[in-house]
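Trainee: Sequence plus the predicted model coming up.
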Amino acid sequence: MSMLPKSGTVAVLSESEARSDSRFLARAWAGSETFVFLPTHFPAHGHRIENSLALLPAEYRTDHFVLLTSGSTGDPKLIVAKKSRSERLAEVIHAGQENEAVRETIACLPLSYSYAFVNQWLWANHMRRRLVLTDGFSRPDAFKRTLEDAHDAMICMVGIQVPLLLSLFGSQKFPGIIRLNFAGGRFPQEHLQNLREIFPNAKIFNNYGCAEAMPRLTIRRAGGANTAANIGRPLPGIELRSGEEDQLEFRSPFRAVAFVEGGVLRAVTDEEWVETGDLGRQAEDGSWVLLGRKSEVFKRFGEKISLPAIQAAVQRVWSGELAFYREFDSMGENGHVMVLAPHPPGEQLRSVLMELRQNFTRPHWPLRVESVERLSRLPNDKVDTRVLAERNHVTVEWSQRY
């Protein structure tokens with residue numbers, strides 16, 4: 001086995017290497033040297049990564065690992081985490097998801113995505129379970145065979161994959177899947193019945209967190225609430241609070257220890273409250289409810305606009321994918337554009353517009369409804385809103401007059 005390439009004194013490992021030889025990542029984890037785990041298509045020796053890694057002090061150059069997150073902007077941010085803390089989190093996740101009966105986990109997301117890395121690769125490595133790598137929905141026939149062959153298995157998905165899952169496998173049943181986890185975006189509450197039919201033996205969980213938490217903050221059973229926005233209660237040892245203007249913040253003994261962004265390294269102490277990037281409030285029963293990302297809640301003509309609320313309404317009548325990007329109108333007011341994928345039939349588009357008109361006043365309506373054949377995605381499988389805003393190969397389905 002070849003040695004890991006180096007960037008300064010930090011080893012660099014790409015996902016393509018890890019997928020080609022499962023021992024490669026395990027060896028990096030077992031060693032004392034800190035390593036950075038990069039998405040397959042990310043340039044391992046780009047100047048930004050080189051410069052960012054050079055900022056790591058000596059205390060972070062052993063017994064740590066580094067992941068990248070692009071958030072919703074596409075700009076790389078390095079998340080520095082301590083191996084032992086993440087192993088303890090894997091144990092907490094194991095208990096929270098009732099995973100003792102699970103014998104294997106099937107990966108259909110990039111392992112370099114913090115959710116898949118901790119909830120699947122690290123969990124399998126630390127708890128001595130089997131990891132099954134797949135190409136996911138890019139090779140649906142092979143993915144289907146893997147699901148058919150599964151035995152006491154766990155699968156981790158993001159909610160935006162559900163429409164594709166239903167279109168490909170909506171009439172199938174996969175009884176070997178006994179745990180189904182969702183994280184990394186809105187929980188697909190409106191599709192629960194369909195998911196229970198496809199995975200009849202699966203316990204389904206809504207998992208919430210962020211890369212800075214590395215990545216888990218809460219876990220709740222799907223039946224524990226009737227709204228996608230409810231994320232349940234913090235895991236043992238984790239604290240949540242709603243700060244200024246409903247900014248959701250956390251303290252966690254498992255979180256990352258430092259971040260590198262824009263050429264600046266910021267270490268985090270155990271006493272600090274860290275922003276999740278979401279807005280949220282605590283419900284009367286002690287659970288927490290998300291109000292949306294900071295960029296997804298804004299004022300328009302004095303009214304508070306919530307893109308998650310609009311998404312929840314539209315997805316009652318729209319079975320495809322849905323995303324938003326922000327735009328100012330001709331009067332300089334904040335607004336948003338809704339993007340549907342694939343291109344909607346006329347009847348479905350009329351249903352979407354009717355849902356908007358029946359549930360929201362005009363300031364909440366999108367400036368335009370656009371459609372594309374497929375949503376562009378970042379390496380972590382999140383929607384790339386910057387590409388959406390470039391409006392390549394877009395069809396304007398409807399537009400406000402303003």
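Mentor: Looks like it came in fine.
Trainee: Next up, the contacts around the nearest residue to R362 once chain neighbours are set aside.
Mentor: Nearest-residue entry for R362: Q400, 7.9 Å, with adjacent residues in sequence omitted and distances by Cβ to Cβ, 6 or more residues apart in numbering. C-beta: built from backbone N, CA, C; applies to glycine. Contacts for Q400 (Cβ atoms under 8 Å, 6 or more residues apart in numbering) come out as 362, 365-368.
Trainee: Out of the residues you listed, which comes closest to G170?
Mentor: Of all the contacts of Q400, P366 has the smallest distance to G170: 28.1 Å, by Cβ to Cβ.
Trainee: if I pick that closest one, what's in contact with it?
Mentor: 310, 324, 335-338, 356, 400.
Trainee: now swap in A142 and tell me
Mentor: 134-135.
Trainee: hmm, try it at 10 Å
Mentor: 134-136 (Cβ atoms under 10 Å, 6 or more residues apart in numbering).
Trainee: Could you do W273 as well?
Mentor: Contacts of W273 (Cβ under 10 Å, 6+ apart): 239-241, 243, 247-251.
Trainee: Which of those residues fall in strands?
Mentor: 239-241, 247-251 (DSSP state E).
Trainee: ok, and the most crowded of these?
Mentor: Taking other Cβ atoms under 10 Å as the neighbour criterion, L248 ranks highest of the ones in strands among the contacts of W273 with 27 neighbours.
Trainee: Quickly list what the spatially closest residue to that residue that is not a sequence neighbour is bridged to.
Mentor: The shortest distance from L248 to any non-neighbouring residue, by Cβ to Cβ, 6+ apart, is to G280 (3.8 Å). Beta bridges link G280 to L290 when assigned by DSSP bridges.
Trainee: how much space between G280 and P253?
Mentor: Taking Cβ to Cβ, to the nearest Å as the measure, G280 and P253 are separated by 21 Å.
Trainee: Those two - which one has more neighbours?
Mentor: With other Cβ under 10 Å as the criterion, G280 and P253 differ in neighbour count, and G280 comes out ahead with 22 against 13.
Trainee: hang on, isn't the more buried one packed against E245?
Mentor: No: counting by Cβ atoms under 10 Å, E245 is not a contact partner of G280; they are 11.2 Å apart.
Trainee: before we move on, back to that, where does confidence bottom out across the contacts of Q400?
Mentor: Least confident of the contacts of Q400 in the model: R362, at 92.
Trainee: count of residues packed around that residue?
Mentor: 12.
Trainee: list the contacts for it?
Mentor: 300-301, 303, 356, 400, 402.
Trainee: ditto for T40
Mentor: 14-19, 110-112, 379.
Trainee: CSV for those, including secondary structure, neighbour count and distance to T227?
Mentor: Formatted as CSV, the contacts of T40 follow (DSSP: H, G, I helix; E, B strand; the rest coil; neighbours: other Cβ atoms under 10 Å; distance: Cβ to Cβ, whole Å):
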residue, secondary structure, neighbour count, distance to T227
S14, strand, 21, 39
E15, helix, 21, 34
S16, helix, 12, 39
E17, helix, 19, 41
A18, helix, 22, 37
R19, helix, 16, 37
P110, coil, 19, 29
L111, coil, 22, 31
S112, coil, 24, 31
P379, coil, 20, 30
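Trainee: so which two of those residues are the farthest from each other?
Mentor: It's E17 and P379 that sit farthest apart of the contacts of T40, by Cβ to Cβ, at 15.2 Å.
Trainee: tell me how far the ends of stretch 186-198 are from each other?
Mentor: Start and end residues of stretch 186-198 are separated by 20 Å (Cα to Cα, to the nearest Å).
Trainee: same question for that stretch, mean pLDDT?
Mentor: On average, stretch 186-198 scores 94.
Trainee: Just the helices from this structure, written as ranges.
Mentor: Ranges of helices in the chain, per DSSP state H, are 15-20, 22-30, 47-53, 83-96, 114-116, 123-127, 140-149, 162-169, 192-198, 307-314, 346-359, 385-390.
Trainee: Who are the packing partners of the second one?
Mentor: Helices and strands touching helix 22-30, by 3 or more Cβ pairs under 10 Å, 6 or more residues apart in numbering; DSSP states H and E, are strand 10-14, helix 15-20, strand 35-38, strand 64-69, helix 83-96, helix 123-127, strand 130-133.
Trainee: May I have the strands that pair with the last one, each with its orientation?
Mentor: Going back to what we said before, that points to strand 130-133. strand 104-107 (parallel).
Trainee: Might you report the residue contacts of the one residue sitting closest to the centre of the chain?
Mentor: Among the residues of the chain, the one closest to the centroid is G184, at 1.8 Å (Cα atoms, centre = their mean). Contact analysis of G184 by Cβ under 10 Å, 6+ apart lists 109, 113-116, 156-161, 207-211, 215, 380-382.
Trainee: Please report the distance of it from R139.
Mentor: According to Cβ to Cβ, G184 stands 21 Å off from R139.
Trainee: returning to what we had before: which of the contacts of T40 lies closest to F37?
Mentor: S112 (5.4 Å).
Trainee: Contacts only, for that closest one.
Mentor: S112 neighbours (Cβ under 10 Å, 6+ apart): 13-16, 18, 36-40, 42, 67-69, 121, 379-380.
Trainee: mind redoing it with 6 Å?
Mentor: 15, 37, 39 (Cβ atoms under 6 Å, 6 or more residues apart in numbering).
Trainee: again with V394
Mentor: Here V394 is in contact with 370, 372 (Cβ under 6 Å, 6+ apart).
Trainee: Can you pull the phi/psi pair for it?
Mentor: With angles defined as degrees, to the nearest 10, V394 sits at phi -100, psi 150.
Trainee: what number of residues lie near P345?
Mentor: 9.
Trainee: Roughly how far does it sit from S371?
Mentor: 11 Å.
Trainee: again, but for Q193
Mentor: From Q193 to S371 the distance is 27 Å (Cβ to Cβ).
Trainee: between the two, who's got more neighbours?
Mentor: Taking neighbours as other Cβ under 10 Å, Q193 and S371 compare with S371 leading, 19 against 7.
Trainee: Stretch 273-293 - what's its average pLDDT?
Mentor: Mean predicted lDDT for stretch 273-293 stands at 92.
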